[in-house]
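Colleague: Structure, please.
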Amino acid sequence: MTFLQAIILGIVQGLTEFIPVSSSGHLVLVPHFLGWQFAKEQAFIFDVLVQWGTLFSVFIYFWKDLTIIGTAFVQGIMQRTPFVDPDSRMGWYLIIATLPTVIFGLLGKDLIEYAFASARMTGYFLFLTAIVLVIAETTGRRNRSMEEMSWLDSLLIGFSQVLALLPGVSRSGATIAGGMTRNLDRSAAARFSFLMSVPIMVGAGALALKDLAELPAVHDFLLPLLAGFLAALISGYIAIRWLIAYLSKHSLYVFAGYCTVLGLIVILTS
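Modeller: Got it, this is the predicted structure:
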């Protein structure tokens, strides 16, 4: 992987991690269309670790929210009143929302890595993203704020995140749609989606660090990884700001249409 390739893929990751068009799908499709060939193990680890760039963009944008939630969460445990404070409860909701993906991710690791190697399969899963977005727009009443969430809401949104283990299924799209089907308004669903990305990205990145250390010639890979990380951080921050503002006034249909067209192109050309 060259320095330029890493920057391009980092920008793609940053923009599409939060815009609901599937970052994992685009990280499969961009090398496919440009004819780039990477070792499977190297590509998978890069895809996971470059997500730490977008993770840091979440930290920067939601720094105040995360600090308040984290402080209330710790105080709730120390005072043995973990569910009294709304911010403390939100910390527990983020943990609950993460559990389904952790369980299914560990059980299906080999299948997930196989799916990432198939551009055609990514095309079919892009159709699934489009369907999920349309269902959210047509069924959700969008009349609840994030403060009105319950533990059941967080668990069901967490199960929607499981779909995003597959390339072509947008994590942000699946979780925003999951929130909207629980009647959260679009902006609230997006904010919870971005916050719940923190624990899953930290966990996935930590596991990939071990695999990175075992790669041959790992030192040759660190500079492109750093370039991809910085590109993803900057573009991810821009994407978060833009999408939250966009969803306050617009629907998800345009992203569903994009995923449908892209999925059709992929299937016809792969």
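Colleague: List the residues that contact Asp87.
Modeller: Contacts for Asp87 (Cβ atoms under 8 Å, 6 or more residues apart in numbering) come out as Ile68, Ile69, Thr71, Ala72, Phe73. In this view, the C-beta of every residue, glycine as well, is placed from N, C-alpha and C.
Colleague: Out of those, which sit inside helices?
Modeller: If you go by DSSP state H, the contacts of Asp87 have Ile68, Ile69, Thr71, Ala72, Phe73 in helices.
Colleague: Do you know the pLDDT at the first one?
Modeller: If I follow you right, that is Ile68. At Ile68, the model reports a pLDDT of 95.
Colleague: Kindly report the same for the one 3 residues further on.
Modeller: As predicted, Thr71 sits at a pLDDT of 94.
Colleague: Mind pulling the model confidence for the closest residue to Gly179 other than its chain neighbours?
Modeller: Excluding its sequence neighbours, the residue lying closest to Gly179 (Cβ to Cβ, 6 or more residues apart in numbering) is Ala189, at 3.0 Å. Model confidence at Ala189, given as pLDDT, is 93.
Colleague: What count of nearby residues applies to Ala189?
Modeller: Neighbourhood size, Ala189 [other Cβ atoms under 10 Å]: 28.
Colleague: who touches it in this structure?
Modeller: Residues in contact with Ala189 (Cβ under 8 Å, 6+ apart) are Thr175, Ile176, Ala177, Gly178, Gly179, Met180.
Colleague: does the second one belong to a helix or a strand, and which?
Modeller: Using DSSP states H and E, Ile176 maps to helix 171-181.
Colleague: and the helix or strand just after that helix, how far out from the chain's middle?
Modeller: Next along the chain after helix 171-181, taking DSSP H and E as the criterion, comes helix 186-213. On the basis of Cα atoms, centre = their mean, to the nearest Å, helix 186-213 sits 7 Å off its chain's mean C-alpha point.
Colleague: buried ones in helix 186-213?
Modeller: Neighbour-count burial for helix 186-213, counted by 16 or more other Cβ atoms under 10 Å, picks out 186-201, 204-205, 207-208, 212.
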